[in-house]
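Chemist: output the structure for:
(chains A, B, C and D)
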Protein chains: 2
Amino acid sequence: MSLRYAVLGLLANEPGSGYDLTQRFDAILGRHAWHAQHSQIYPELKRLSGEGLISVVAEGPRGRRTYDITEAGRNDLRTWMRNYPEAGVVRNEYALRLFFLGALEPADARALLEKYSQAGEEQAQAIHAIRPELDQRPLLGFGRLAAEFGARYFEMQRDWAQWAIDQLDHEHGP
Amino acid sequence: MSLRYAVLGLLANEPGSGYDLTQRFDAILGRHAWHAQHSQIYPELKRLSGEGLISVVAEGPRGRRTYDITEAGRNDLRTWMRNYPEAGVVRNEYALRLFFLGALEPADARALLEKYSQAGEEQAQAIHAIRPELDQRPLLGFGRLAAEFGARYFEMQRDWAQWAIDQLDHEHGP
DNA sequence: ATTTACATGTAAGACGTTACATGATTCT
DNA sequence: AGAATCATGTAACGTCTTACATGTAAAT
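Modeler: Here you go, the predicted model:
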């Protein structure tokens, strides 16, 4: 059921076509929270439109249809948002891998941790880079609060990986 | 393909039955990294066993079969681990909700942020509580490095939510 | 004796990915 | 003229959840 709310939330932020939403998923949302391909998005737009939660507000070249959220849709989104889930869907391949570091030999574990550290630094920088624009208007569904969360997350990942490397070095000689 | 490696990783940590693995997913892994029900686990164990990546090492009451990872399985797991994915699967309902805080009225957003803060504190405490045992032996697939990551993650969540509440209060009056 | 926990399995339907399919508009 | 981007759609296949189904062993 989350795809439904991902789409509603993105449209609540800014109207857009299926094509636009596909890009927003690819750019931001899909990296951190939820992913969807266009093959899932277009049917979902039809469904939501049929239920009156979104509607076509403009048509453009190549059959482009721009959707916006309706009042009914906004209410549905808010109701969902107000209800904090006891057991929400969480699936994270990177976190999964980090559980099994013990299965690697120290040299391989170290190399992997370097990648976690590097990726953390890069992603944090990427967020800092777009932050100035966020104060003007939300970008691709990325508001100030979410940006801060993302930045803190990736800085934490970077620092944790460095700490973990230190731990390994102390155990197996620097 | 990640379920496969979640199972291999858990068995690499400690042998267990389908029932045991179901509990490990429920207790730790499913909350942070990957989830699976028994209805998915049992068929997966058969598949992995058929491929020679795991094998039955003990049988017990009620048809219980304890599996352990084989050398072939350990190699497969290590190969997967060494390969850091460019675009791994990430799906997080909690993070998704946090992207759309702007859709709520300030009072509702504040209430939700309080829940994020509280949940962060509780989960961080839960990890600290089991940490002493981790130094003796890995517990439910939860090694020291992963525990530290989890603790830092939830402390970050708590602190971010408090920061976000401050931001809202400054915008809309305390 | 009854309840709880242990233990495994299958089936239907929902959700998600990959591949197939088509065409218009814009840029170089 | 050709390439890249924009734009939408469907089908087959794989994964995941929910529900159905069954039985044993241990604890109260």
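Chemist: looking at chain A, which residue is nearest DNA strand C?
Modeler: The minimum distance from chain A to DNA strand C, using C-beta to the nearest atom of the strand, falls at A:Ser39 (3.2 Å). Bear in mind the C-beta positions are built from the backbone N, C-alpha and C, glycine included.
Chemist: how much space separates that residue from B:Asp135?
Modeler: If you measure A:Ser39 against B:Asp135 using C-beta to C-beta, to the nearest Å, the figure is 48 Å.
Chemist: tell me the first helix or strand C-terminal of the lowest-mean-pLDDT helix or strand in chain A.
Modeler: Taking mean pLDDT, DSSP states H and E as the measure, helix A:30-32 is the helix or strand of chain A with the lowest mean score, a mean of 89. Scanning forward in sequence from helix A:30-32 by DSSP states H and E, the next helix or strand is helix A:38-50.
Chemist: that next one near chain B anywhere?
Modeler: No: residues of helix A:38-50 are not located near chain B by C-beta under 8 Å from any C-beta of the partner chain, the shortest gap being 12.8 Å.
Chemist: what comes up buried for the very next helix or strand once past that helix?
Modeler: Tracing the chain C-terminally past helix A:38-50 and defining elements by DSSP H and E, one meets strand A:54-59 next. Judged by neighbour count using 16 or more other C-beta atoms under 10 Å in any protein chain shown, the buried positions of strand A:54-59 are A:Ile54, A:Ser55.
Chemist: got a list of contacts for strand A:54-59?
Modeler: Strand A:54-59 is contacted by residues A:7-8, A:11, A:15, A:45, A:48-49, A:65-70, A:73 when judged by C-beta atoms under 8 Å, 6 or more residues apart in numbering or on different chains.
Chemist: just those that are near DNA strand D?
Modeler: A:Leu45, A:Arg65 (C-beta under 7 Å from any atom of the strand).
Chemist: out of the contacts of strand A:54-59, flag the one nearest to DNA strand D.
Modeler: Nearest to DNA strand D, judged by C-beta to the nearest atom of the strand, of these is A:Arg65 at 4.3 Å.
Chemist: hang on, the earlier thing: helices or strands up against the least confident helix or strand of chain A?
Modeler: strand B:90-92 (3 or more C-beta pairs under 8 Å, 6 or more residues apart in numbering or on different chains; DSSP states H and E).
Chemist: and the strand it packs on, anywhere near DNA strand D?
Modeler: No: Strand B:90-92 does not reach DNA strand D (C-beta under 7 Å from any atom of the strand); its nearest approach is 9.2 Å.
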